[in-house]
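Chemist: Prediction below, plus the sequence it came from.
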Amino acid sequence: MPRVFPVQARFHALATAHAPRRRVRRWPGVGLLLVLLLPALLLGACQSEDAEFASEGTEAAPVQLTVGVTHDGTVGPEAPSYYKVSVNEGTTYIFSLTDLLEDADMTVFTQSDFTGSFCAAPNSGTTSESCSGLVDNGSGITELFVLIKSFSLTGTSFKLTASSS
């Protein structure tokens with residue numbers, strides 16, 4: 001161990017006592033940035049309206065609906081939701097899409113490949129939608145197929161009802 005003389009120790013103490021301390025800042029402004037952005041990030045993460053919704057059913061396996069029973073549904077931003085309902089010939093069916101959080105459209109089809117338009121309700125925004133049609137006698141139609149398509153970045157939730165009159 002090197003020997004420290006009293007004069008050297010005193011000189012070192014004086015030199016470090018009066019020298020300005022040098023503070024190294026590696027990322028200037030990061031602290032301020034975190035203070036400003038952190039509350040906004042936390043608030044955004046806690047808001048339910050920013051949640052992305054998932055689509056229900058597929059074209060090959062649509063969700064089964066029951067006439068007269070309201071279905072609480074969701075549709076995602078990337079793919080539509082698919083539904084089907086059993087019907088009887090000679091009956092008028094009314095389809096209602098309500099309680100939309102974001103814009104979505106409803107189209108009802110007669111074919112399982114979601115072709116053959118039965119009725120459509122392409123309202124814009126969160127306005128409730130409904131459409132209706134008669135399943136003709138002798139048509140051979142036993143099911144109707146409902147497609148819900150979202151027009152928002154997060155998808156939406158809704159209530160879907162098929163009723164008869």
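Modeler: Arrived safely, thanks for sending.

Chemist: tell me the secondary structure for the nearest residue to T156 once chain neighbours are set aside?
Modeler: If you skip the residues right next to it in sequence, T156 has E102 as its closest partner in space, 3.8 Å away by C-beta to C-beta, 6 or more residues apart in numbering. Where C-beta positions appear, they are placed from N, C-alpha and C, glycine not excepted. Three-state call for E102 (DSSP: H, G, I helix; E, B strand; the rest coil): coil.

Chemist: show me what contacts E102?
Modeler: E102 sits next to T126, S150, F151, S152, T154, G155, T156 when contact means C-beta atoms under 8 Å, 6 or more residues apart in numbering.

Chemist: can you check K159 too?
Modeler: K159 is in contact with T70, H71, D72, G73, S96, L97, T98, D99, counting by C-beta under 8 Å, 6+ apart.

Chemist: one more time with 7 Å
Modeler: Contact analysis of K159 by C-beta atoms under 7 Å, 6 or more residues apart in numbering lists T70, D72, T98, D99.

Chemist: Name all residues that make contact with the last one.
Modeler: If you count contacts by C-beta under 7 Å, 6+ apart, D99 has them with F158, K159.

Chemist: Kindly give the local confidence score, pLDDT, for it.
Modeler: Model confidence at D99, expressed as pLDDT, equals 96.

Chemist: where does this structure dip in pLDDT?
Modeler: Scanning the chain for pLDDT under 70 picks out the ranges 1-51.
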